[in-house]
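Student: Sequence and predicted structure, then a few things I'm wondering about:
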Amino acid sequence: MDTFSTSDLRKLTAIQTGPCVSIFMPTHAAGRDGQQDALRLKNLLAQAERGLIDQGLRAPDAKQLLEPVRELPADSRFWEKRSLGLAVFVHEGFLNRFRVPLSLDEMAIVNRRFQIKPLLPLIGTNDQYYVLALSQNRVRLLEGRQFGMQEVKVDGLPKDMAQFLNYDSSERPSLAHTASRRQPGKSSAVVHSLGGEREPAKDELAQYFRAIDAALRETLRDQRTPMILAGVQYLLPIYREVSSYGFIAKDELLGNPDHLSEHELHSRTWPLIKARVAVAQQEVAAKYRKLAGTGKTSDDVRKIVAAAHQGQVESLFVDRAAHRWGVFDPASGEVIERESSPQRGDDDLLDLAAVQTLLHRGEVYAVAADQVPAQPVAAVFRY
């Protein structure tokens, strides 16, 4: 699986000179129907080539533009790592592809900018969360969403406790069992040592955890994203006590996380966050319905596109399967929506509204039609 992040979104949206080719298709799990997937991509490339010619490109130029993509069907190593969907973006001198955990509708779109909306469920909703996997031997910060998880590289993050505290090999702390001893108004730890190795005191653990917290501050600055702590039970209260991050979730993943893969950590933590995400989406939909008719909401795609470009959209629901074609002039703010099929140079206005909302730090819910409060798009404005 390839990740698709907000930084990828920015790279793709920076290209607006056309022609841009966006190809989406479902794929089968690795090991099954590889030839069928390769054939589907070939057919979509043929559609894209016809689209380029319809947009005014000479046939040899259209063929040359797509040449880097034509190599993918024959690349057996590429197809070995399939997920549920494939997205390919090609522009002169530019090729990017994402194997994603979404079953994408089959389409090939030629335009002056890339089509992004089919991938927005990977970054668009408020399903983001962090996992801090803690032990004396390893520390990882991971970012999770509904469809997967990846490690976040953090500058200055301690590698392990022994290195941070400058233990030599004979003093290296073990991961022994500890039990809590309760006193009125005070807590401490009873340590049962393994193998005669010296156990770290609580103040040493706190010192180690403060260094972790300090390293995380820049990454977590201005974030309100919930963080799930993963680690053996006696460590987590100590980390909570010293942490400066105000959005640590009550839910915890107990046990040594050192040997858990990103996939395993995701499968064990997403159920802890899933209900919270569903409730948050319902609350935003309820807010739209409550404010409807006050001027602080809209279901007019033309008004929403202009507002999104100005950073006015706080939350946006959009039917991920729908399209509304037209033209937006950023200079004047004028939006023209087509009543029929798209014309040369038209944008998918729903896609444009969603992308601009995200780029201005709004929330986007690219969801099924029955989850959109007003079809095919509904927005709550900041002002």
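Tutor: Received it, and whenever you're ready, just let me know what you need.
Student: in the longest helix seen in the chain, what counts as buried?
Tutor: Using DSSP state H, we find that the single longest helix of the chain is helix 262-291. By neighbour count on 16 or more other Cβ atoms under 10 Å, the buried set for helix 262-291 is 262, 265-266, 268-270, 272-273, 277, 281, 284-285, 287-288. To be clear about C-beta, it is placed using only N, CA and C from the backbone, and glycine gets the same treatment.
Student: would Tyr130 count as being in a strand?
Tutor: Yes: counting by DSSP: H, G, I helix; E, B strand; the rest coil, Tyr130 is part of a strand.
Student: which ones are touching the residue nearest to it when sequence neighbours are not counted?
Tutor: Using Cβ to Cβ, 6 or more residues apart in numbering and skipping the chain neighbours, the partner closest in space to Tyr130 is Met227 (4.1 Å). By Cβ atoms under 8 Å, 6 or more residues apart in numbering, Met227 lies in contact with Tyr129, Tyr130, Val131, Leu132, Leu220, Tyr245, Phe247, Ile248, Ala249.
Student: Which residues are in contact with the last one?
Tutor: I take that to be Ala249. Tyr129, Pro226, Met227, Ile228, Leu229, Leu272, Ile273.
Student: Just list the residues touching the most centrally placed residue in the chain, thanks.
Tutor: With distances taken as Cα atoms, centre = their mean, the chain has Ile123 as the residue nearest its mean C-alpha position (3.5 Å). Contacts here follow Cβ under 8 Å, 6+ apart; on that basis Ile123 touches Phe4, Ser5, Thr6, Leu9, Arg145, Leu358.
Student: I only care about the residues you listed that end up buried; give me the PyMOL line for that.
Tutor: Remark: buried members of the contacts of Ile123, expressed as a PyMOL selection using 16+ other Cβ under 10 Å:
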select buried, resi 4+9+145+358
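Student: Quickly name whichever of the contacts of Ile123 is closest to Ile336.
Tutor: Among those, Leu358 lies closest to Ile336 (Cβ to Cβ), at 23.1 Å.
Student: Doesn't that closest one belong to a strand?
Tutor: No: under three-state DSSP, Leu358 sits outside any strand and is assigned helix.
Student: How about it, nearest residue that isn't a chain neighbour?
Tutor: Val364 (5.4 Å).
Student: circling back to that earlier point, Val69: which of the contacts of Ile123 is nearest?
Tutor: Phe4 (17.8 Å).
Student: The closest one reaches Pro101, doesn't it?
Tutor: No: the pair Phe4 / Pro101 is not scored as a contact, 9.9 Å apart, by Cβ atoms under 8 Å.
Student: Could you pull out the helices in the stretch 201-350 of the chain for me?
Tutor: 202-220, 235-242, 262-291, 301-309, 349-359 (DSSP state H, counting those that start in this stretch).
Student: and the shortest one, what does it pack onto?
Tutor: So that's helix 235-242. Where contact means 3 or more Cβ pairs under 8 Å, 6 or more residues apart in numbering; DSSP states H and E, helix 235-242 is packed against strand 129-134, helix 202-220, strand 227-231, strand 248-254.
Student: Ranking these by mean neighbour count, which comes first?
Tutor: By mean neighbour count, with neighbours taken as mean count of other Cβ atoms under 10 Å, strand 129-134 ranks first of the helices and strands packed on helix 235-242 at a mean of 25.
Student: helices and strands around it, which ones?
Tutor: strand 139-145, helix 202-220, strand 227-231, helix 235-242, helix 262-291.
Student: Could you list which residues are in contact with the residue lying closest to Leu220 once chain neighbours are set aside?
Tutor: In space, and not counting its chain neighbours, Leu220 is closest to Tyr245: 5.5 Å by Cβ to Cβ, 6+ apart. Residues in contact with Tyr245, defined by Cβ under 8 Å, 6+ apart, are Asp213, Leu216, Leu220, Gln223, Met227.
Student: if we can go back for a sec, averaged pLDDT, the longest helix of the chain. What do you get?
Tutor: The average pLDDT within helix 262-291 is 94.
Student: Now do it and strand 129-134, the angle between them.
Tutor: Orientation check (axes from the mean of the first three to the mean of the last three Cα atoms, to 10 degrees): helix 262-291 against strand 129-134 gives 150 degrees.
Student: start at 358 instead
Tutor: Fine by me, first position is 358 from now on; the one you just mentioned is helix 619-648.
Student: So which other helices or strands are in contact with helix 619-648?
Tutor: In terms of contacts (3+ Cβ pairs under 8 Å, 6+ apart), helix 619-648 is packed against strand 486-491, strand 496-502, strand 505-509, strand 584-588, strand 605-611, strand 670-676, strand 720-724, strand 734-738.
Student: repeat that with 7 Å
Tutor: Judged by 3 or more Cβ pairs under 7 Å, 6 or more residues apart in numbering; DSSP states H and E, helix 619-648 is in contact with strand 486-491, strand 496-502, strand 505-509, strand 584-588, strand 605-611, strand 734-738.
Student: To Glu437, which of those lies closest?
Tutor: Minimum separation from Glu437 across those (Cβ to Cβ) falls at strand 505-509, 18.2 Å.
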